[in-house]
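Take this sequence and fold it.
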Amino acid sequence: MAAEPTPPPSLRERKKAKTRAAIRKATYRLAAEQGWDAATTDRIAEAAEVSPSTVVRYFPVREDILLTDENDAYLEARLRARPAGEEPLESLRAVVLEAVRTALAEEPEETLLRARLMAEIPSVRARLTETTAATGRRLARAIADRTGRDALDLEVRIFTAAALGALREATVHWAENGHADDLPRLLDRAVDTLRNGLTAPPARP
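Sure, this is the predicted structure:
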């Protein structure tokens, strides 16, 4: 039997998505032009043409405007759709690289700015740790289902946290070095490091 088609979003849902997008766009513009400290709630609200209370209702923590979006649900769905029997680390590599390449292609300036603020602003970096943990809990459910474990198993939590932590540090490294390298290549290196472990560099002649 064919799957039931996903119903289109309601008018209310479309309005909410439009408001969230306007708040994000205003925040990125202010942060890019005047710095993160200038992107206050009041100024974001003015630029997005909404009230300050609306900004707070959608994003109680200001840093979440940069760090949270609807991608967690997408990543979980893509992770669940990976081929059966594929190693969990390879599944994570595939879905994260896909998401990053899409972001770099569709929102290059926002992606670069977000990474730079993650590296430079302590409050953004601190909040990133919390949002990464939330993402990890969601992805852990998919990994647990794929491996026949419980999402609360210590091994599942360690695996997911280690993988996302490595990918986060690769992104920060990219920003700290002026985005000079290729981000997908750095993420690949991060996954390879988890897989292969750390060895001493070759001795210099």
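
what comes up buried for the lengthiest helix in the chain?
Using DSSP state H to define each element, the chain has its longest helix at helix 122-147. Judged by neighbour count (16 or more other CB atoms under 10 Å), helix 122-147 contains these buried residues: 124, 127-128, 131-132, 135-136, 139-144, 146. Bear in mind the C-beta positions are built from the backbone N, C-alpha and C, glycine included.

Please tell me how far it is from the chain's geometric centre.
For helix 122-147, the separation from the chain centroid amounts to 9 Å (computed by CA atoms, centre = their mean, to the nearest Å).

Quick one: mean pLDDT for it?
The predicted model gives helix 122-147 an average pLDDT of 91.

packing partners for that helix?
Under the contact criterion of 3 or more CB pairs under 8 Å, 6 or more residues apart in numbering; DSSP states H and E, the helices and strands touching helix 122-147 comprise helix 64-67, helix 71-80, helix 88-106, helix 108-120, helix 154-176.

Tell me what angle the second one forms with helix 88-106.
Right, helix 71-80. Using axes from the mean of the first three to the mean of the last three CA atoms, to 10 degrees, one finds that helix 71-80 and helix 88-106 are set 130 degrees apart in direction.

CA atoms only: put helix 71-80 into PDB for me.
Included here for helix 71-80 are C-alpha records, laid out as PDB according to Å, rounded to 0.1, in the frame of the first residue of the first chain:
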ATOM      1  CA  ASN A  71      17.600  20.400  10.500                       C
ATOM      2  CA  ASP A  72      17.600  18.100  13.500                       C
ATOM      3  CA  ALA A  73      14.500  16.400  12.300                       C
ATOM      4  CA  TYR A  74      15.900  16.200   8.800                       C
ATOM      5  CA  LEU A  75      19.200  14.700  10.000                       C
ATOM      6  CA  GLU A  76      17.300  12.100  12.000                       C
ATOM      7  CA  ALA A  77      15.200  11.100   9.000                       C
ATOM      8  CA  ARG A  78      18.200  10.900   6.700                       C
ATOM      9  CA  LEU A  79      20.000   8.800   9.300                       C
ATOM     10  CA  ARG A  80      17.100   6.400   9.500                       C
END
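
Report the rounded mean pLDDT for that helix.
Here the average pLDDT along helix 71-80 is 88.

ok so, going back, deepest-packed of the helices and strands packed on helix 122-147, please.
Using mean count of other CB atoms under 10 Å, the stretch among these with the greatest mean number of neighbours is helix 64-67 (a mean of 20).

residues in contact with it?
23-24, 27-28, 31, 44, 59, 114, 117-118, 124, 127-128, 131 (CB atoms under 8 Å, 6 or more residues apart in numbering).

So what's the gap between it and the chain middle?
Its chain's C-alpha centre lies 9 Å from the corresponding centre of helix 64-67 when counted by CA atoms, centre = their mean.
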